[in-house]
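Student: Structure of the sequence below:
(one chain, ligands or ions: 1)
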Amino acid sequence: MSLQGKHIVLGISGSIAAYKSAVLTRLLIKKGAEVQIVITPAGREFITSVTLSALSGKPVVSEFFAQGDGTWHSHVELGLWADLMVVAPATAATLGKMANGIADNMLITTYLSMKAPVFVAPAMDLDMFQHITTQRNLETLQRDGVRIIDPATGELASHLEGKGRMEEPEQIVAILEQHFSEKSDLAGKRILITAGPTYERIDPVRFIGNFSSGKMGFALAEECAARGAEVWLITGPTALSLSHPAIRRIDVESAGEMHAAALQTFPEMDMAILSAAVADYRPEQMAKRKIKRTEGEGLSLTLIPNPDIAAALGHIKREGQLLIGFALETDNEEVNALRKMERKQLDFIILNSLRDEGAGFGHDTNKVTILSRSGTKRSFELQTKKEVARNIIDTTFSSSQIIY
Ligand code: PMT
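Tutor: Down below sits the predicted model:
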């Protein structure tokens, strides 16, 4: 049982879905977890502490001080005791307070002291869930590393139909179990990942770019972090956000900026995975003012080469460091990929082709072949980028333990 002996802080806020927290507590206890419940004043209006303490076998914490003898309830100790905190149900108000650090109840102070991963299971009416404020708070929390357990769609307490029902306790337990069973084979490793496109400015309003969304690189960053690595993610312009707290994000715009950030970071790394679609050329000069259209005349730009980041890292790579590149091809795929691996001194190259449906730029899926310097080749069917990321790490890192 993956929850056996785990210390779980269950936060309960004021929603009708609080009745499900009783079931959640019972399921967690049955799985062998120790559960400490922290409830907000509004939560107590929906479910009694007697029910919850009977199920959890521990007094329920709600006030900063115990009413009877004035004993201080230490949120700091709870933050150190817990292996995980889950707030279920998480109301719009509690999410807002968590996102903004409004520490006016014991649940929020416990959250702010928490050293362990935090999950939230939102529960509210569909309009409240969809409201821009709630969505913004969820985005903030996600950026802060909190994992969101998406609410289900169905009949709500208001009798309206829509998204906002707290996920069922059985599902929440399954998600928490999965969290604890995630591999930690990259623990202690430092990994650099490049992602997204680069933009090369032509003038103040135009640039040369490409269609990379960043999805492949972000999936790799999440996978490495979930497996215990510390990740440095250098990304070009993208609308994506991250959910894992062990990922440090460095935003850049141009190939030059990505090159400088990668060179600075790489020496401390155990491994680098270069999935960014870096512009090979940039305008020799950026016009200071917007270039005006001249009727009937063309426009010529002189482009000069950008630094090759992969080749630069290949050049300074020391023994024990693993360097993995991508090859995005449209023809003569394998020959071109092998040449790139050789020229840039990569240990592995991940080939993806724009000729494959659902592969490459923008999709949530990709189809890759992993080629190694030592001559191995593994081809995969079309998979989600999350699955592709897992296979890349399994193939490159795990086999590198043997080869290098
Ligand atoms: O971001 P997505 O929408 O999810 O799309 C994913 C992807 C298609 C961008 C990704 O899977 C991918 O193929 N990335 C590499 C794209 C690319 O630029 O390939 P390339 O064959 O031109 O470059 C070869 C390798 O050298 C790559 O690792 C690239 O990051 C690196 N490179 C290239 C040029 C340069 N100046 N510096 C580099 O480091």
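Student: Contact residues of the stretch 201-350 of the chain facing the ligand?
Tutor: 212-216, 255, 274-278, 280, 306, 308-310, 325-328, 340 (CB under 6 Å from any ligand atom). To be clear about C-beta, it is placed using only N, CA and C from the backbone, and glycine gets the same treatment.
Student: From the opening residue of stretch 123-133 to its closing one, how far?
Tutor: 15 Å (CA to CA, to the nearest Å).
Student: buried set for it?
Tutor: Neighbour counts over stretch 123-133 (16 or more other CB atoms under 10 Å) mark 123-126, 128-129 as buried.
Student: what does that stretch rub up against?
Tutor: 15-17, 88-92, 96, 122, 134, 151, 156-158, 160-166 (CB atoms under 8 Å, 6 or more residues apart in numbering).
Student: Among those, name the buried ones.
Tutor: Counted by 16+ other CB under 10 Å, the contacts of stretch 123-133 give 15, 17, 88-92, 96, 122, 134, 151, 156, 162-166 as buried.
Student: In helices only, show me these.
Tutor: If you go by DSSP state H, these have 92, 96, 134 in helices.
Student: Any chance of a markdown table for the residues you listed, columns distance to residue 263?
Tutor: Output for these, formatted as a markdown table (distance: CB to CB, whole Å):
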| residue | distance to residue 263 |
| --- | --- |
| 92 | 45 |
| 96 | 41 |
| 134 | 41 |
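Student: Need these in JSON lines (columns: pLDDT and distance to the ligand).
Tutor: Formatted as JSON lines, those follow (pLDDT from 0 to 100; distance: CB to the nearest ligand atom, whole Å):
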{"residue": "92", "pLDDT": "97", "distance to the ligand": "33"}
{"residue": "96", "pLDDT": "98", "distance to the ligand": "32"}
{"residue": "134", "pLDDT": "97", "distance to the ligand": "28"}
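Student: neighbours of the closest residue in space to residue 231 that isn't next to it in sequence, just the number please.
Tutor: In space, and not counting its chain neighbours, residue 231 is closest to residue 247: 4.5 Å by CB to CB, 6 or more residues apart in numbering. The number of residues packed near residue 247 is 20, by other CB atoms under 10 Å.
Student: wait, residue 247 sits on residue 235?
Tutor: No - with contacts counted by CB atoms under 8 Å, residue 247 stays clear of residue 235, the gap being 10.2 Å.
Student: mean confidence score for stretch 156-164?
Tutor: In this model, stretch 156-164 has an average pLDDT of 83.
Student: show me what contacts residue 327?
Tutor: Counted by CB under 8 Å, 6+ apart, residue 327 has contacts 333, 336-337, 340-341, 349-352.
Student: Take the residues you listed and write them to CSV, including neighbour count and pLDDT.
Tutor: Output for the contacts of residue 327, formatted as CSV (neighbours: other CB atoms under 10 Å; pLDDT from 0 to 100):
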residue, neighbour count, pLDDT
333, 18, 97
336, 17, 98
337, 24, 98
340, 21, 98
341, 24, 98
349, 27, 98
350, 28, 98
351, 24, 98
352, 22, 97
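Student: Mind checking which of these are in helices?
Tutor: Going by DSSP H, the helices hold 333, 336-337, 340-341 from these.
Student: ok, those residues vs residue 269, which is closest?
Tutor: residue 341 (18.9 Å; CB to CB).
Student: Grab the nearest non-local neighbour of that closest one.
Tutor: Per CB to CB, 6+ apart, closest to residue 341 is residue 349, 4.1 Å.
Student: Any idea what that neighbour is bridged to?
Tutor: Beta-bridge partners of residue 349, counted by DSSP bridges, are residue 325, residue 371.
Student: What's the separation between it and residue 336?
Tutor: In this view, residue 349 and residue 336 are 10 Å apart by CB to CB, to the nearest Å.
Student: Residue 299 too?
Tutor: To residue 336, residue 299 is 31 Å away according to CB to CB.
Student: Mind jotting down where the helices sit in the stretch 201-350 of the chain?
Tutor: Under the criterion DSSP state H, counting those that start in this stretch, the stretch 201-350 of the chain contains helices at 215-226, 255-265, 309-316, 333-343.
Student: deepest of those helices, which one?
Tutor: helix 215-226 (a mean of 26; mean count of other CB atoms under 10 Å).
Student: can you give me how far that one is from the chain middle?
Tutor: Between the centre of helix 215-226 and the centre of its host chain there is 7 Å, according to CA atoms, centre = their mean, to the nearest Å.
Student: Over to stretch 56-67?
Tutor: On CA atoms, centre = their mean, the centre of stretch 56-67 falls 34 Å from that of its chain.
Student: low-confidence ranges in this structure?
Tutor: Residues of the chain meeting the criterion pLDDT under 70: 1, 66-71, 398-404.
Student: Look through it and report the residue furthest from the middle.
Tutor: Distance to the chain centre peaks in the chain at residue 296, reaching 49.0 Å (criterion: CA atoms, centre = their mean).
Student: What about residue 323, how many residues nearby?
Tutor: Residue 323: 25 neighbours (other CB under 10 Å).
Student: Got the domain ranges for the chain?
Tutor: Domain assignment for the chain by automatic domain parsing gives 7-181, 190-399.
Student: mind checking how far the shortest one is from the chain centre?
Tutor: Averaging C-alpha positions (CA atoms, centre = their mean) puts domain 7-181 21 Å from its chain's average.
Student: what about that domain, start to end distance?
Tutor: Across domain 7-181, first to last residue, CA to CA, it's 15 Å.
Student: now do stretch 151-165
Tutor: Note: stretch 151-165 ends 5 Å apart using CA to CA.
Student: Can you give the contact residues for it?
Tutor: By CB under 8 Å, 6+ apart, the list of residues contacting stretch 151-165 from outside reads 16-17, 121-126, 128-130, 166-168.
Student: which one of the ones in helices among the contacts of residue 327 is nearest the ligand?
Tutor: Nearest to the ligand, judged by CB to the nearest ligand atom, of the ones in helices among the contacts of residue 327 is residue 340 at 5.2 Å.
Student: Would you check that that closest one makes contact with residue 346?
Tutor: Yes - using CB under 8 Å, residue 340 is in contact with residue 346, at 7.3 Å.
Student: Give me the common contacts of these two.
Tutor: Residues touching both residue 340 and residue 346 (CB under 8 Å, 6+ apart) are 310, 325.
Student: so who does the closest residue to residue 11 other than its chain neighbours touch?
Tutor: Take residue 11 and drop its neighbours on the chain: the residue closest to it by CB to CB, 6+ apart is residue 87, 3.7 Å away. By CB under 8 Å, 6+ apart, the residues touching residue 87 are 10-13, 94, 98, 107, 111, 118-121.
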